[in-house]
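Asks: Curious how this folds, go ahead:
(one chain, ligands or ions: 2)
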Amino acid sequence: MMKILITGGSGMLGAYVTRACNISRYNIVVADRSRLDLSHPSAIEHYIKEIQPQVILHFAAETDVDLCERDPRRAGIYNHLATEHIARASGACGAWLLYISSSNVFGAEGKTCYNELDIPLPTNYYGRSKLMGELAVRAHCPDNHLILRAGWMIGGGPEKDHKFVGKIVQQIKSGATELRAVNDRLGSITYAGQLSDFIIWATEHRQTGTLHFASCGTISRFDIARAIGDILDFKGNIHPVKSSLFPLSAPRPFSEGIESVYLSLAGKAFIPGFWKDDLAKYVASFQV
Ligand SMILES: NC(=O)C1=CN([C@@H]2O[C@H](COP(=O)(O)OP(=O)(O)OC[C@H]3O[C@@H](n4cnc5c(N)ncnc54)[C@H](OP(=O)(O)O)[C@@H]3O)[C@@H](O)[C@H]2O)C=CC1
Ligand SMILES: Cc1cn([C@H]2C[C@H](O)[C@@H](COP(=O)(O)OP(=O)(O)O[C@H]3O[C@@H](C)C(=O)[C@@H](O)[C@H]3O)O2)c(=O)[nH]c1=O
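Replies: Ligands and ions are numbered 1, 2, ... in the order given. The predicted model follows:
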């Protein structure tokens, strides 16, 4: 039976994939931080070589973009060096490695939407550290990896969704009547439940290369908040505001919208839909 090592199995995306692997009865080892700690990269190779997995699904990361900006050393160790050690061990074991990267590797070029043919140029330390992680995967596990770049990820419900959609849904459900949402920053959404289905398929088919995985549409947080308001029949007001109203440590790019020129080759069943439809699927499943 296929032996799969999962990092970050407790996170927004990792929890979907871990659940799916359990249902499929794969032989999985979920390495939590007590066994595989991103802050101690040099211990990682030894741990993985002991396990000898055939597949590594690497989801663990420092996903607090502002913390990465305030502490670039942490971003470098967690997202770059730890990934490099995982990639080295993967290469040594002959394991297929999946790495989740981010639309945040783009932005400095100032385009509205980026595909796999665009050269990454990040605007902040989180994006840089994820890009360095990509380079490490390609260098140390050259023929046996898949890099999936996700957009603004949605998923996980009240416990695991610490990002924008989770915060807006929580505000509405807790009775707020005046919401504010940024309208001068753009991106694409990725529903973690759909990405998880694709990851299971890609694992079984040992897909390789670099792919973008996001719903259709490059949109603002304001567009998303308005759509959530419609889905939840919100009767209050949603005000469009400039990003400067939410002062954050890390600069966000004007746009981190992504689309794929290759995903359709991997099978039509997994192509994400229009962003509003995919958002509605998630919000409908969000139980507080
Ligand atoms: N969220 C998003 O919008 C996007 C995320 N991505 C990428 O997708 C992947 C999954 O993200 P997401 O599910 O949102 O992440 P989460 O922030 O929800 O979860 C992060 C995971 O990493 C683990 N982790 C954090 N620090 C350590 C550590 N020191 N040692 C070991 N494990 C650690 C956490 O464990 P614990 O539960 O113990 O804290 C948790 O399982 C990441 O690689 C991220 O960069 C890409 C694009 C967008
Ligand atoms: C709370 C709140 C935030 N905002 C805005 C401020 C800011 O621009 C934005 C912050 O949202 P988030 O915290 O979801 O954004 P951010 O941390 O930038 O999310 C990023 O996470 C990492 C892991 C990635 O990989 C990226 O692709 C991206 O998804 O939301 C509002 O407009 N209204 C609100 O009520």
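
Asks: can we go C-alpha only for contacts and neighbour counts from here?
Replies: Noted.

Asks: what does the stretch 151-288 of the chain have sitting close to ligand 1?
Replies: Residues of the stretch 151-288 of the chain lying close to ligand 1 by Cα under 6 Å from any ligand atom are 151, 152, 153, 160.

Asks: So for the first one, what's the pLDDT?
Replies: When you say that, I think you mean residue 151. As predicted, residue 151 sits at a pLDDT of 98.

Asks: can you pull the contacts of it?
Replies: Residues near residue 151 by Cα atoms under 8 Å, 6 or more residues apart in numbering: 102, 103, 104, 187, 188, 189, 190, 213, 214, 256, 257, 258.

Asks: please redo it, this time with the cut-off set to 7 Å
Replies: 102, 103, 187, 188, 189, 190, 214, 258 (Cα atoms under 7 Å, 6 or more residues apart in numbering).

Asks: Likewise for the second one?
Replies: Residue 152 is in contact with 187, 188, 189, 190, counting by Cα under 7 Å, 6+ apart.

Asks: okay, the residues of the stretch 151-288 of the chain next to ligand 1 in CSV with secondary structure and distance to ligand 2 next?
Replies: As requested, those are exported to CSV (DSSP: H, G, I helix; E, B strand; the rest coil; distance: Cα to the nearest ligand atom, whole Å):
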residue, secondary structure, distance to ligand 2
151, coil, 5
152, strand, 3
153, strand, 5
160, helix, 12
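
Asks: Please identify which of those is nearest to residue 39.
Replies: Nearest to residue 39 among these: residue 160, at 21.4 Å, using Cα to Cα.

Asks: My understanding was that that closest one contacts residue 14; is that so?
Replies: No - with contact defined as Cα atoms under 7 Å, residue 160 and residue 14 do not form a contacting pair (10.3 Å).

Asks: Among these two, which residue is more densely surrounded?
Replies: residue 14 (23 against 15; other Cα atoms under 10 Å).

Asks: Please tell me the pLDDT value assigned to the closest residue in space to that one that isn't next to it in sequence.
Replies: Closest residue to residue 14 in three dimensions, ignoring its sequence neighbours and counting by Cα to Cα, 6 or more residues apart in numbering: residue 8, at 5.6 Å. At residue 8, the pLDDT value in this model is 98.

Asks: my read: residue 8 touches residue 59, true?
Replies: Yes - the criterion here is Cα under 7 Å, and residue 8 meets it with residue 59 at 4.8 Å.

Asks: thinking again about what came up before, what's the most distant pair in the residues of the stretch 151-288 of the chain next to ligand 1?
Replies: Across these, no pair lies farther apart than 151 and 160, at 16.8 Å, counting by Cα to Cα.

Asks: Now residue 94. Nearest residue, chain neighbours left out?
Replies: Per Cα to Cα, 6+ apart, closest to residue 94 is residue 54, 7.0 Å.

Asks: which ones are touching the one you found?
Replies: 2, 3, 4, 95, 96.

Asks: Kindly reformat the residues you listed as JSON lines and extend each row with secondary structure, pLDDT and distance to residue 76.
Replies: Output for the contacts of residue 54, formatted as JSON lines (DSSP: H, G, I helix; E, B strand; the rest coil; pLDDT from 0 to 100; distance: Cα to Cα, whole Å):
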{"residue": "2", "secondary structure": "coil", "pLDDT": "88", "distance to residue 76": "31"}
{"residue": "3", "secondary structure": "strand", "pLDDT": "95", "distance to residue 76": "29"}
{"residue": "4", "secondary structure": "strand", "pLDDT": "97", "distance to residue 76": "26"}
{"residue": "95", "secondary structure": "coil", "pLDDT": "98", "distance to residue 76": "24"}
{"residue": "96", "secondary structure": "strand", "pLDDT": "98", "distance to residue 76": "23"}
